[in-house]
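J.: structure, please.
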Amino acid sequence: MRTLHWLTRKRRLPTKATRISPPERVFQLKNQLEDFQLSKKQAVIYFHWSMQDFDDADYFEMYEMMSARDEKDRPVDPGMMWKKYQEKG
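T.: Okay, the predicted model is just below:
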């Protein structure tokens, strides 16, 4: 039985990822940890959460909630914007 070489051959996909040196990676991870701690601090101060509330909260849902925009700050449908512009004349 003949094998299909294109199925068994391993290829690396071309990526634009660059190698990061270990000291740079450690620096990035320390910054990410500090950003997380800052978020915890802000939740405790501004949302009046306890530390346990923050630890029990769903991380991704919390950040979706914090990134929610007011209705006036959301993108506008171009068709509706054009219609309003035509009405104002």
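J.: now residue 40: closest residue in space, sequence neighbours ignored.
T.: With Cβ to Cβ, 6 or more residues apart in numbering as the criterion, residue 40 has its nearest non-adjacent residue at 5.1 Å, and that residue is residue 54. Heads up, the C-betas are built off the backbone N, CA and C, glycines and all.
J.: who's in contact with that neighbour?
T.: Contact analysis of residue 54 by Cβ atoms under 8 Å, 6 or more residues apart in numbering lists 40, 43, 44.
J.: which is the next helix or strand following the biggest helix by length in the chain?
T.: Scanning the chain for the longest helix, with DSSP state H as the assignment, gives helix 22-46. Once the chain leaves helix 22-46, the next helix or strand it forms, by DSSP states H and E, is helix 51-56.
J.: let me see the mean pLDDT of the helix or strand following that following helix.
T.: Per DSSP H and E, the first helix or strand lying C-terminal to helix 51-56 is helix 59-66. Helix 59-66 shows a mean pLDDT of 82.
J.: stretch 38-53 now?
T.: For stretch 38-53, mean pLDDT rounds to 89.
J.: for that stretch, buried residues please.
T.: If you call a residue buried by 16 or more other Cβ atoms under 10 Å, then stretch 38-53 has these buried ones: 43, 49.
J.: can you give me the end-to-end distance of that stretch?
T.: Chord length of stretch 38-53, first to last residue, is 15 Å (Cα to Cα, to the nearest Å).
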